[in-house]
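Novice: what follows is a predicted protein model with its sequence.
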Amino acid sequence: MSGSRLVRSSADLARLVQDGYAVRVVNGFLVIDDIPFADDAAQVQWGSFVCPLDLSGDTATAPSSHVMCFVGGVPRNKNGEPIDGLVNDGVEKWSAGPELTASCGFSQKPAGGYPDYYEKVTHYAAMVIGPAQAIDPEATPLTFKPVETDEDDGVFRYLDTFSSRAGITEVNARLALKKVVIVGLGGTGAYLLDLLAKTPIHALHLYDGDVLRTHNAFRAPGAASLADLQEGLKKVEYFTRIYSQMRRHIEAHLVNVTSENVGELLDADFVFLAMDTGPDKKVIIEALTVNGIPFIDTGVGVSKDAECIDGQIRITTSLPGRVEHIERDGLISYFAGEGAEYDTNLQVAELNSFTANLAIFRYKKYLGFYADTENELHTVYAVESNDLYNRYGTSTNQDEGIGLGAEPVPASADAGDGSEAAA
């Protein structure tokens, strides 16, 4: 019996293994190694099939794509000439990793598609292996090697087939930091967790000492049940339970970050602050800055008059060597001011969500996941005008203020709910 959960639960993969194919599962791709093929010189070489693995839970489904990629060279016929209709230069050349980048792709589509991976692999194997065996009858892909899989070693409880299907496995690997911290699991912090939990960060540490209350459910991702709210869990307990269904290594800290424990943040690769204004925030930011820990502080400031709600959201970034703007220009408030609408439990889930999304965009740009020509360190979104302003980036007007009349988020702005810990 294979040690791979996927192979055990997928009849088509199990049949490939039983036949003797060298099966691997790497970064959400199905890899079949030791495929003999004829090269341009009519010599036998060895390569690998690579294609995204479609799953339903922990069971392989019918392949959504008929395309197969090949690593190691371009298969030819026994005379070293192109095989009619095999190689298709128009298909995307997938990569399951640095040593598993496709040399070419095949596009043989049967009517109705391939019913399973056994049919897909054996179809392409017959086209590639035949010429090799015409040169060397002993050449065979049936090596009966043990199944290799990373399914039990990753941070996720099931394979990340999204990255392989989207063709972003290599760039997604840039997000695999060892330790990322979220301080404050309120509205913004919970959405930050929702987005970060789906990236390959090895360990996510969550800090918040507050209990999950009913009003929190209306500004958090997902849908907390009545039973969830009646349990009286701390926010980090509740969210750790929810997101641990998808991934491992979520470390719950049922306390706020203060001067007593701020040292626990100093080995982090990145820190997100989604907490209320207060002296503790100043302590945290000073400690992170002195120790060169990159971080993003989020702020949401809203006001309500008789007619409607207005406000701004703020994303302020500190990176190693680029820290002076925060203190010099007073970008982050440490004391709650007047008009803190969060004190009234005003529901602004969409602002929390948008704030988290902007913070994650900036974070992923810093890590090279997204293109970044602006390289800004401070972003403000104004609800009333629907304008987005960047500052401290490469734009020629970067030092002319936030721009177009928008003002920095006021002192009352925070990412929480006005209590000591974030909402």
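Specialist: It's in.
Novice: which parts of the protein are helices?
Specialist: Using DSSP state H, the helices of the chain run over residues 5-9, 11-19, 117-135, 161-166, 169-172, 187-196, 214-217, 226-230, 235-243, 279-290, 324-328, 349-366.
Novice: most packed of those?
Specialist: For the helices of the chain, ranked by mean neighbour count under the definition mean count of other Cβ atoms under 10 Å, the leader is helix 187-196 at a mean of 27. Placement of C-beta: from N, CA and C, glycine included.
Novice: give the rounded mean pLDDT of stretch 254-265.
Specialist: Regarding stretch 254-265, the rounded mean pLDDT is 97.
Novice: now do stretch 87-103
Specialist: Here stretch 87-103 scores 90 as its mean pLDDT.
Novice: and for stretch 367-384?
Specialist: 93.
Novice: ranking the helices of the chain by mean pLDDT, which is last?
Specialist: helix 161-166 (a mean of 70).
Novice: any idea how far stretch 18-32 is from the chain center?
Specialist: 24 Å (Cα atoms, centre = their mean, to the nearest Å).
Novice: list the buried residues for that stretch?
Specialist: Within stretch 18-32, the residues that count as buried by 16 or more other Cβ atoms under 10 Å are 21-32.
Novice: would CSV of those residues with pLDDT be doable?
Specialist: Formatted as CSV, the buried residues of stretch 18-32 follow (pLDDT from 0 to 100):
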residue, pLDDT
21, 93
22, 92
23, 91
24, 88
25, 87
26, 87
27, 84
28, 86
29, 91
30, 93
31, 94
32, 95
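Novice: so what's the residue nearest the centre of the chain up against?
Specialist: In the chain, the residue lying closest to the centroid (Cα atoms, centre = their mean) is residue 199, at 2.4 Å. By Cβ atoms under 8 Å, 6 or more residues apart in numbering, the contact set of residue 199 is 172, 175-176.
Novice: now, among those residues, which is nearest to residue 394?
Specialist: Residue 394 lies nearest to residue 175 out of the contacts of residue 199, by Cβ to Cβ, at 23.4 Å.
Novice: quick check: of the buried residues of stretch 18-32, which lies closest to residue 94?
Specialist: Among those, and counting by Cβ to Cβ, the member closest to residue 94 is residue 29, at 6.8 Å.
Novice: surely that closest one and residue 100 touch.
Specialist: Yes: Residue 29 lies in contact with residue 100 (Cβ atoms under 8 Å); the separation is 7.2 Å.
Novice: overlap in contacts of those two?
Specialist: Shared contacts of residue 29 and residue 100, counting by Cβ under 8 Å, 6+ apart, come down to residue 50.
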